[in-house]
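Engineer: just to be clear, the model below is a prediction. Sequence and coordinates:
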Amino acid sequence: MTEFDPTPNTDAVDTVRQRWRENTDTFGRVYDTILGVTTPTPYAEVAETAECSPNAAKKHLERLVEMGIARTDNESRPARYERNEGYLEWQEASRIATDLTVDEIIKRVQQLEAHREEFEDRFETTDPSSVEVFAQDDYNAIHERMEAVSEWHAAERDIRLYELARQLAQNDGHLVPT
């Protein structure tokens, strides 16, 4: 049996990057890059990753900000950009609203809420952030609590997404009835 290495070899990465560069226009490369950014990043760094000029990156980033896909911190010099998590959540909720019926969405929310109640009963709180994860003496107990709290946070996020999806599905793609 061969040993698995999660890091791809340099040739494979270079091949994928070359294909991306050849098959994606500058706007697409800036878009892909900003979706991968998790912290405010100067436009010159986005340009480097997107393999374009800083001016082109800044122009496309400003367009992405106008579209609501990215956010900017104009107070910093140079301006820093990051993805707009709200846009990504809306996009995911929209996909759920398209893929599922309102009844299926409601049923999923009920399942998630029951799961959340199990965590609330187990940890005797309604706030997963208030759970003392490291108050245990044993590594396995700490690991188990970390996994549970992470799962609880995920359930909270999914409840919000499915509720948003329900609103979209019930209102023909709008958040409020038309």
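Structural biologist: Good, I have the coordinates.
Engineer: which elements pack onto the helix or strand hosting residue 63?
Structural biologist: Using DSSP states H and E, residue 63 sits within helix 54-67. Helices and strands touching helix 54-67, by 3 or more CB pairs under 8 Å, 6 or more residues apart in numbering; DSSP states H and E, are helix 26-35, helix 43-50, strand 70-73, strand 80-83. C-beta here means a position set from N, CA and C on the backbone, and glycine is covered the same way.
Engineer: with mean pLDDT, mean neighbour count and distance to residue 165 added, can I get these in CSV?
Structural biologist: Formatted as CSV, these follow (pLDDT from 0 to 100; neighbours: other CB atoms under 10 Å; distance: least, CB to CB, whole Å):
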stretch, mean pLDDT, mean neighbour count, distance to residue 165
helix 26-35, 95, 19, 21
helix 43-50, 95, 20, 31
strand 70-73, 92, 18, 23
strand 80-83, 94, 21, 20
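Engineer: kindly reformat these as CSV containing distance to residue 8.
Structural biologist: CSV is the format used below for these (distance: least, CB to CB, whole Å):
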stretch, distance to residue 8
helix 26-35, 17
helix 43-50, 17
strand 70-73, 27
strand 80-83, 24
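Engineer: and residue 98, which of the ones you listed is closest to it?
Structural biologist: helix 26-35 (20.1 Å; CB to CB).
Engineer: wait, residue 39 touches residue 82, no?
Structural biologist: Yes - counting by CB atoms under 8 Å, residue 39 touches residue 82, with 6.3 Å between them.
Engineer: mind pulling up the pLDDT for residue 58?
Structural biologist: Here the pLDDT value assigned to residue 58 is 95.
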